[in-house]
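Show me how the following folds:
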Amino acid sequence: MNTVTPPKMAYENEDFLVSPEARTIRILSEYLEPLARFDRSKVNSTILFLGSARIEDQDDGSPLNLYYRDAEDLAFRLAQWAIPLTPKGKNFVICTGAGPGIMEAANRGAVRAGAKTMGMNISLPHEQQPNRFISPELAFAFHYFFMRKFWLVSRARAVIAFPGGFGTLDELFEILTLVQTGKISREDVVILLYGETYWRKILNFEELIKAGTISPEDAKLFSYMSEPASAVAFLKKKLLKFCRTVGPAKIV
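Residues are numbered from 1 along each chain as shown. Down below sits the predicted model:
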C-alpha cells in the first residue's frame with residue numbers, strides 16, 4: 001500500500017511564505033512579533049538614538065569621532081537615571097538601529113549603566129551586523145524599512161539625532177514630518193539635534209523659513225544640544241511627565 005505524503009500546512013510552506021503573494025503576512029509578522037516582545041518585556045517607552053554607522057571609537061583625527069564618546073556618555077547617564085523610574089516596567093529604554101557607530105555607542109552606554117537596551121536591525125544587500133551590546137530579548141530584525149521605522153518611533157518619548165548621513169537624515173525628517181503634520185503630537189516626543197555645529201552646517205532651516213517652505217513654528221519642533229550634561233538635564237525636565245503613562249505615544 002502506497003503511503004501518501006500529506007501536504008504542508010500553509011504556515012509551514014516556506015516557499016509560499018517568501019513569495020510575493022505572502023508579502024502581507026510578512027508585513028503583519030513584522031508588526032505583531034515586535035509588539036508581543038515589547039509587551040512581554042514591559043517596555044513602556046524608549047529613547048531613540050540616531051546617528052552614523054561610520055563614526056568610530058578611535059583617535060584617528062576625525063572630528064566626528066568625539067560624538068561616539070558623547071553618545072555613549074549620554075546613553076549611560078540617561079539609562080542610569082531611568083532604571084529606578086516607576087510605574088512598573090521599563091521606561092526610556094535606550095533604542096537604536098542596532099548597527100555600529102553611534103548606534104553601538106548608545107547601546108554600549110546603556111549596558112555600562114546596567115540597563116536593558118534595544119536594537120532594531122535591518123536586512124540589507126550588504127548585511128549590517130547588530131552590535132554586541134544589545135540585550136538578546138530586545139534584539140529585533142526587519143526586512144521592511146517602514147516597519148522598522150514604525151517600531152523605532154512607536155514608543156519613543158525622545159529622539160536624539162547625532163551627526164549622520166542619508167539614513168540618519170531619512171529617519172530624522174520622517175519623525176519631524178510626523179510631528180509637524182500632527183500624526184504624532186508634539187507633546188508626545190522630544191527631538192534633539194546633538195552637535196549644533198554639525199547640524200547647522202548640514203541643515204539650513206533658516207533658509208527654509210525664508211523660502212516659505214516651512215513656518216517659523218516648525219523650527220521649534222527640535223532643540224540643539226552639544227554636551228551630554230546639558231542634554232541630560234534638558235531631557236529629564238521634559239520626560240518626567242511621561243512616567244505617569246504607560247504604552248506608546250498615539251500615532252494617528
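
was I right about Ala156 contacting Ser45?
Yes: using Cβ atoms under 8 Å, Ala156 is in contact with Ser45, at 7.5 Å. Heads up, the C-betas are built off the backbone N, CA and C, glycines and all.

Mind pulling up the pLDDT for Gly167?
We have a pLDDT of 94 for Gly167.

what about it, which helix or strand?
helix 166-180 (DSSP states H and E).

I'd like to know which elements that helix is packed against.
strand 46-50, helix 145-154, strand 156-161, strand 190-194 (3 or more Cβ pairs under 8 Å, 6 or more residues apart in numbering; DSSP states H and E).

Include mean neighbour count and mean pLDDT when you put those into TSV, please.
Output for the helices and strands packed on helix 166-180, formatted as TSV (neighbours: other Cβ atoms under 10 Å; pLDDT from 0 to 100):
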stretch	mean neighbour count	mean pLDDT
strand 46-50	28	98
helix 145-154	19	96
strand 156-161	24	98
strand 190-194	22	98
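
Out of the ones you listed, which is closest to Gly114?
With Cβ to Cβ as the criterion, Gly114 lies closest to strand 46-50 of the helices and strands packed on helix 166-180, at 16.0 Å.

Contacts for the closest one, please.
Applying Cβ atoms under 8 Å, 6 or more residues apart in numbering, the external contacts of strand 46-50 come out as 71, 75, 78, 82, 92-97, 102-103, 105-106, 118, 152-153, 155-162, 164, 168, 171-172, 235, 239.

rerun at 7 Å
Residues outside strand 46-50 that contact it (Cβ atoms under 7 Å, 6 or more residues apart in numbering) are 71, 75, 78, 92-96, 102-103, 106, 118, 152, 155-162, 164, 168, 171-172.

Can you tell me the strand partners of that strand and which way each runs?
The pairing partners recorded for strand 46-50 under DSSP bridges are strand 93-96 (parallel), strand 156-161 (parallel).

Pull up the gap between the closest residue to Leu178 other than its chain neighbours and Pro125, please.
For Leu178, ignoring the flanking residues on the chain, the nearest one in space by Cβ to Cβ, 6 or more residues apart in numbering is Ile184 at 4.5 Å. To Pro125, Ile184 is 31 Å away according to Cβ to Cβ, to the nearest Å.

Then Phe222?
The value you get for Phe222 to Pro125, if Cβ to Cβ is used, is 32 Å.

hmm, back to that, Ser41: which of the strands paired with strand 46-50 is closest?
Nearest to Ser41 among those is strand 93-96; the distance by Cβ to Cβ comes to 8.5 Å.

picking that back up, redo the strands paired with strand 46-50 as TSV? Include distance to Glu217.
Output for the strands paired with strand 46-50, formatted as TSV (distance: least, Cβ to Cβ, whole Å):
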stretch	distance to Glu217
strand 93-96	28
strand 156-161	18
